[in-house]
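Engineer: only the shape, not the letters, is given here:
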């Protein structure tokens, strides 16, 4: 890596979004990890020499601006859909950039969803489950599940088998290769599409990604 990352023009960084040296990323990560290291001995058992931590401005002024994440990455915070100020469901995707402390936009969802839940699959993709669309919590109740690939930045609409029972406001978690959907609200069975027939659920559904069911 160039000995002076700050000297690289911002225009060049924005156009290429690449490291100058192929080993620069690994070297920089090692530098950051070493700066945070608390251990008292080296790999061969010799005492480590204590030194002062790197100054904060080095991260803020030199390292952070030099790193650019123009593409979507895993291990970041994602917000899918939700409601706007008029209570209308959204199809937006926002990702929190932990290096620069700001939110950036991702590719929109195939359909608007509020009250949905998300789970991380073992292959790194994300599954967006249930919720309701712009037609409301009764007529717009969703059982469908879309799949998002954060590395490719692409969506597969209805990419997973739908819920056995449409719902919104449910909890969701991935555990040992399975996706669990718990609780939420749904219409009473065989009831008219009216909010007054909404009920709170206590059932749990389990999705098996390898079998898509």
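Structural biologist: Yep, that arrived. What you see is a predicted model; the values in this text were computed from it and never measured.
Engineer: what's the average pLDDT for stretch 162-178?
Structural biologist: Across stretch 162-178, the average pLDDT comes to 94.
Engineer: likewise stretch 90-101?
Structural biologist: On average, stretch 90-101 scores 84.
Engineer: residues contacting it, please?
Structural biologist: 64, 67, 69, 72, 76-84, 102-114, 148 (C-beta atoms under 8 Å, 6 or more residues apart in numbering). C-beta here means a position set from N, CA and C on the backbone, and glycine is covered the same way.
Engineer: buried among those? Make that a ChimeraX selection.
Structural biologist: Remark: buried members of the contacts of stretch 90-101, expressed as a ChimeraX selection using 16 or more other C-beta atoms under 10 Å:
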select :72,78,80,81,82,106,107,109,110,111,112,113,114,148
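Engineer: just the contacts of stretch 90-101: which are in strands?
Structural biologist: Members of these lying in strands (criterion: DSSP state E): 77, 78, 79, 80, 102, 103, 104, 105, 106, 148.
Engineer: distance to residue 137 for these - can I get that in TSV?
Structural biologist: Putting the ones in strands among the contacts of stretch 90-101 into TSV (distance: C-beta to C-beta, whole Å) gives the following:
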residue	distance to residue 137
77	26
78	23
79	20
80	18
102	32
103	27
104	30
105	26
106	25
148	23
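Engineer: closest to residue 159 out of these?
Structural biologist: Of all the ones in strands among the contacts of stretch 90-101, residue 148 has the smallest distance to residue 159: 8.5 Å, by C-beta to C-beta.
Engineer: identify the residues contacting the closest one.
Structural biologist: Applying C-beta under 8 Å, 6+ apart, one finds that residue 148 lies in contact with 80, 93, 109, 125, 126, 127, 128, 154, 155, 156.
Engineer: any of these buried? List them.
Structural biologist: 80, 93, 109, 125, 126, 127, 128, 155.
Engineer: with secondary structure and distance to residue 170 as extra columns, can I get the residues you listed in TSV?
Structural biologist: Converted to TSV, the buried ones among the contacts of residue 148 look like this (DSSP: H, G, I helix; E, B strand; the rest coil; distance: C-beta to C-beta, whole Å):
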residue	secondary structure	distance to residue 170
80	strand	14
93	strand	20
109	coil	17
125	coil	20
126	strand	16
127	strand	13
128	strand	12
155	strand	21
